[in-house]
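Engineer: sequence isn't available, so here's the structure alone:
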């Protein structure tokens, strides 16, 4: 079981070598003409926006604003899951939180979706953390946002980046994560820290060699590995969960890496060498809310982050639920709790 778990982690953690297979484009399976995987609330306005991060990369976002709300409001920046786009889970979260009175920005991280950055399909612990701060920059410049009342929600791999951004950016007053992944830890150390020093060295040697290939070709190769085109039966639960979200009408999006493509082969380089949760204690005294499913394969990331963080902090384990249940299941994701958490702490 454990090696199968590692395989899936590697698929989403980008540490992939060996035989690559192509991911052919799938037909448009989204449920709306605009490719959103959820219905916009009648009580919420949505506007396409763009803004630049500190590295000059233009990020694309959707700004969700509650109707019939006046004055300066509390605001949230949301991103994730890792390899997803703003029309998927982060947009769903934004829609729900805007219904509850927050101005919310869901955005595509650098190098993905409709955001800029070349080469495409790169993840970076530094730049993806900066992306959250750039989102805070944008929100704080809006006439209807109180820049002293700004928080972050990070989903899956962007839960880890959200914690890192909150640690370094003191403008963020509260942070919540769901189905959190520490991408630097899993990439550097393997699932449940199972990677040996010899395996780490071998991987870094392969990644370093790949740099010669990319340099010679003038482009960064994609790993070519991702979710299978269909389930054969017998796959671990979390592979089924990812497939049933990213590869079906439930969550498919043509711009989503996990739906339709893969990360660059060399993406793991910086993740393997730059741990993102080193300074999690410095989030205190600002509050942290960490939410995970009881049966999620990623649960240990949330529990370990909770142990490392200083007060005030809260860990919620949702009975019987798995990692992807917290992507889009409205009867599972504790939106009322998220509303209470941010209402109490963004004031």
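Structural biologist: Right, received. Where do you want to start? These numbers were taken from a predicted model, which means no experiment stands behind them.

Engineer: run the chain-centre distance for the helix or strand hosting residue 158.
Structural biologist: Following DSSP states H and E, one finds residue 158 within helix 157-168. Distance of helix 157-168 from the chain centroid (CA atoms, centre = their mean, to the nearest Å) equals 10 Å.

Engineer: gap between residue 129 and residue 114?
Structural biologist: Taking CB to CB, to the nearest Å as the measure, residue 129 and residue 114 are separated by 20 Å. Just so you know, the C-beta spots here come from the backbone N, C-alpha and C atoms, and that holds for glycine as well.

Engineer: how about the helix holding residue 158: buried residues?
Structural biologist: 157-167 (16 or more other CB atoms under 10 Å).

Engineer: please enumerate the helices of the stretch 201-347 of the chain.
Structural biologist: Along the stretch 201-347 of the chain, counting by DSSP state H, counting those that start in this stretch, helices occupy 237-246, 257-260, 268-273, 299-308, 325-328, 335-345.

Engineer: apologies, that question was intended for the stretch 1-150 of the chain.
Structural biologist: 2-13, 89-99, 125-140.

Engineer: elements contacting the shortest one?
Structural biologist: Judged by 3 or more CB pairs under 8 Å, 6 or more residues apart in numbering; DSSP states H and E, helix 89-99 is in contact with strand 44-52, strand 58-66, strand 73-79, strand 103-107, strand 145-155, helix 325-328, helix 335-345.

Engineer: residue 129 and residue 114 - which one has more neighbours?
Structural biologist: residue 129 (23 against 17; other CB atoms under 10 Å).

Engineer: tell me the contacts of that one?
Structural biologist: 161, 164-165, 168, 276 (CB atoms under 8 Å, 6 or more residues apart in numbering).

Engineer: what stretches of this structure score poorly on pLDDT?
Structural biologist: 1-34 (pLDDT under 70).

Engineer: for the residue nearest the centre of the chain, what are its contacts?
Structural biologist: The centre of the chain sits closest to residue 80, judged by CA atoms, centre = their mean, with a distance of 2.4 Å. The neighbours of residue 80, taking CB under 8 Å, 6+ apart as the test, are 89-90, 154-159, 161-162.

Engineer: for the buried residues of helix 157-168, which one is nearest residue 210?
Structural biologist: residue 157 (21.4 Å; CB to CB).

Engineer: my guess is the closest one meets residue 84, correct?
Structural biologist: No - contact criterion CB atoms under 8 Å: residue 157 and residue 84 do not qualify, at 9.2 Å.

Engineer: for burial, what's the neighbour tally of residue 143?
Structural biologist: For residue 143, using other CB under 10 Å, the count is 5.

Engineer: what's the spacing between it and residue 282?
Structural biologist: 31 Å.

Engineer: gap between the two ends of stretch 330-340?
Structural biologist: One end of stretch 330-340 to the other measures 16 Å (CA to CA, to the nearest Å).

Engineer: pull out the buried positions in that stretch.
Structural biologist: Result for stretch 330-340 [16+ other CB under 10 Å]: buried residues 332-335, 338-339.

Engineer: and those residues as CSV, adding distance to residue 209?
Structural biologist: As requested, those are arranged in CSV below (distance: CB to CB, whole Å):
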residue, distance to residue 209
332, 43
333, 42
334, 46
335, 46
338, 44
339, 50
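
Engineer: which two in the residues you listed are spaced the farthest apart?
Structural biologist: 332 and 339 (15.5 Å).

Engineer: who's residue 63 bridged to?
Structural biologist: Going by DSSP bridges, residue 63 is paired in beta bridges with residue 47, residue 105.

Engineer: right, and it touches residue 50 too?
Structural biologist: No - in this structure residue 63 lies outside contact range of residue 50 using CB under 8 Å: 10.2 Å.

Engineer: have a look at the two and say which one is more surrounded.
Structural biologist: Legend: neighbour count by other CB under 10 Å for residue 63 and residue 50, higher for residue 63 (23 against 13).

Engineer: which non-adjacent residue is nearest residue 127?
Structural biologist: Once flanking residues are discounted, residue 127 sits nearest to residue 110: 5.0 Å by CB to CB, 6 or more residues apart in numbering.
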